[in-house]
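# Predicted model and sequence below, questions to follow.
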Amino acid sequence: MNDSENIKMNLNIGGQRITQTVPFRNQDFVRDVEKEVDRLYTAWRREFAKKTDKEILAMVAYQFAYFYCELKDEYAKAATLADECILAAEQDQGS
């Protein structure tokens, strides 16, 4: 199978089976994500025993969405800084 082909993967997060179609080259990354999400779900399932599975999954979803938004914000700041550096370098070359 070449890297551009897609494969179907069965993931298990919090006892929920999820089927995803992903590029063959991304399968290790997808498994790593699955492990991290399930690890957090399992830890919080133990820590918050009185919460429902739905509540725990919502908490996990929020946590990863928070991480995503935080990284997206940091990326935007870094991209702006990189653009400013490129502009400054171009101005230095022009003078």
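On my side now, so go ahead. Keep in mind that what you see is a predicted model, and the values were worked out from it rather than measured.
# How much space separates the spatially most central residue of the chain from Ala61?
The structure's the chain has its C-alpha centroid closest to Tyr68; by CA atoms, centre = their mean the separation is 6.2 Å. When CB to CB, to the nearest Å is applied, the distance between Tyr68 and Ala61 equals 10 Å. C-beta here means a position set from N, CA and C on the backbone, and glycine is covered the same way.
# ranges for the helices of the protein?
Counting by DSSP state H, residue ranges of the helices within the chain are 27-47, 53-94.
# Dump these to JSON lines, plus mean pLDDT and distance to Gly15.
Shown next, in JSON lines, are the helices of the chain (pLDDT from 0 to 100; distance: least, CB to CB, whole Å):
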{"stretch": "helix 27-47", "mean pLDDT": "96", "distance to Gly15": "9"}
{"stretch": "helix 53-94", "mean pLDDT": "94", "distance to Gly15": "7"}
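# Ok, which of those helices comes nearest Thr19?
Proximity to Thr19, assessed across the helices of the chain by CB to CB, is greatest for helix 27-47 (11.6 Å).
# Would you mind pulling the contact partners of that closest one?
With contact meaning CB atoms under 8 Å, 6 or more residues apart in numbering, helix 27-47 is reached by 7, 9, 11-14, 20, 22, 51, 53, 56-57, 59-60, 63-64.
# quick one: buried residues of it?
By 16 or more other CB atoms under 10 Å, the buried positions in helix 27-47 come out as Glu34, Val37, Asp38, Leu40, Tyr41, Trp44, Arg45.
# So the residue nearest to the centre of the chain versus Glu74, what's the distance?
From Tyr68 to Glu74 the distance is 11 Å (CB to CB).
# what's the answer for Asn26, then?
Using CB to CB, which is the criterion applied here, Asn26 is 23 Å from Glu74.
# what about the two, which has more around it?
More neighbours sit around Asn26 than around the other of Asn26 and Glu74, counting by other CB atoms under 10 Å; the figures are 15 against 10.
# List the contacts of that one.
When the contact criterion is CB under 8 Å, 6+ apart, Asn26 has no partners at all.
# Give me the local confidence score for it.
Among the per-residue scores, Asn26 holds a pLDDT of 96.
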